[in-house]
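In: I would like to see how this sequence folds:
(2 chains)
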Amino acid sequence: AQKVTQAQTEISVVEKEDVTLDCVYETRDTTYYLFWYKQPPSGELVFLIRRNSFDEQNEISGRYSWNFQKSTSSFNFTITASQVVDSAVYFCALLTGTASKLTFGTGTRLQVTL
Amino acid sequence: GAVVSQHPSWVICKSGTSVKIECRSLDFQATTMFWYRQFPKQSLMLMATSNEGSKATYEQGVEKDKFLINHASLTLSTLTVTSAHPEDSSFYICSVRMNTEAFFGQGTRLTVV
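Out: Down below sits the predicted model:
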């Protein structure tokens, strides 16, 4: 069975602080894909990143960075120097060949205040 | 990537009526589309997989007679919530997958009064 756990329900930070959103996944498949999506109040899902199971290289995109650790089955997301516009719900998701379904975590609500 | 258009963005309907939500893949022929439901402050839960030209596959616990899915063409899937009740009020999102990438519609916020 596939499972994604986002233990942090809500995080509140002050602007310019760094914040890390945790994601732990479970799957028996050796080939799988991990995603992060941002869901602002408007509701639409904004794609942030996709990582396949064979690529453990960490990635940086502007203020965003991702740390993929297969040894701990984690795919954490860090926002550096957070901004108010980063306030949203962030979902981690898992896609495996066996299930062929995108399984979402429960999401982390990030609130960035001035 | 694929562009997915969902309509309407929001709808308010009376209890007992039916509501149809459309999901269009504008630049990609999708043999499969996915319908998700998201209750307030909760995650997205897959309701069903819509297959072009055949019956949809529903997830456990989702009533197929209540949530009718029609995937009549490679670019259009519709979800009809029949005899809607207040507990059906939710955010419904469709998705198209191109290989291992998923593209989502803007979502439809349904309120049943």
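
In: And the contacts of the helix or strand encompassing B:S77?
Out: Per DSSP states H and E: B:S77 is located in strand B:76-81. With contact meaning Cβ atoms under 8 Å, 6 or more residues apart in numbering or on different chains, strand B:76-81 is reached by B:18-25, B:30, B:33, B:35, B:47, B:50, B:52, B:66-72, B:88, B:92, B:94, B:110. For the C-beta atoms, the positions are set from N, CA and C on the backbone; glycine is no exception.

In: Which ones among these lie within strands?
Out: Among those, the members found in strands (DSSP state E) are B:19-25, B:33, B:35, B:47, B:50, B:67-72, B:92, B:94, B:110.

In: still on that earlier bit, list the buried residues in the strand holding B:S77.
Out: Using 16 or more other Cβ atoms under 10 Å in any protein chain shown as the test for burial, strand B:76-81 gives B:76-79, B:81.

In: So which bits of chain B are right by chain A?
Out: B:34, B:41-46, B:49, B:91, B:93, B:95, B:97, B:100-107, B:109 (Cβ under 8 Å from any Cβ of the partner chain).

In: what bridges to the residue sitting nearest the centre point of chain B?
Out: Residue closest to the average C-alpha location in chain B (Cα atoms, centre = their mean): B:W35, at 3.9 Å. Beta-bridge partners for B:W35, by DSSP bridges, are B:A48, B:C94.

In: show me where pLDDT drops low in chain B?
Out: B:1 (pLDDT under 70).

In: name the helices or strands packed onto the worst-scoring helix or strand of chain A on mean pLDDT?
Out: In chain A, no helix or strand scores lower on mean pLDDT, DSSP states H and E than strand A:59-61, which sits at a mean of 90. If contacts are counted by 3 or more Cβ pairs under 8 Å, 6 or more residues apart in numbering or on different chains; DSSP states H and E, strand A:59-61 sits against strand A:46-52, strand A:64-69.

In: Within its sheet, name the partner strands of it and how each one runs.
Out: strand A:64-69 (antiparallel).

In: Need the residues that contact the strand it pairs with.
Out: Against strand A:64-69 from outside (Cβ under 8 Å, 6+ apart): A:34, A:36, A:48-49, A:51, A:55-60, A:74-80.

In: Mark which of those are buried, thanks.
Out: A:34, A:36, A:48-49, A:51, A:74-79.

In: Take these and lay them out in TSV including secondary structure.
Out: As requested, these are exported to TSV (DSSP: H, G, I helix; E, B strand; the rest coil):
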residue	secondary structure
A:L34	strand
A:W36	strand
A:L48	strand
A:I49	strand
A:R51	strand
A:S74	strand
A:F75	strand
A:N76	strand
A:F77	strand
A:T78	strand
A:I79	strand
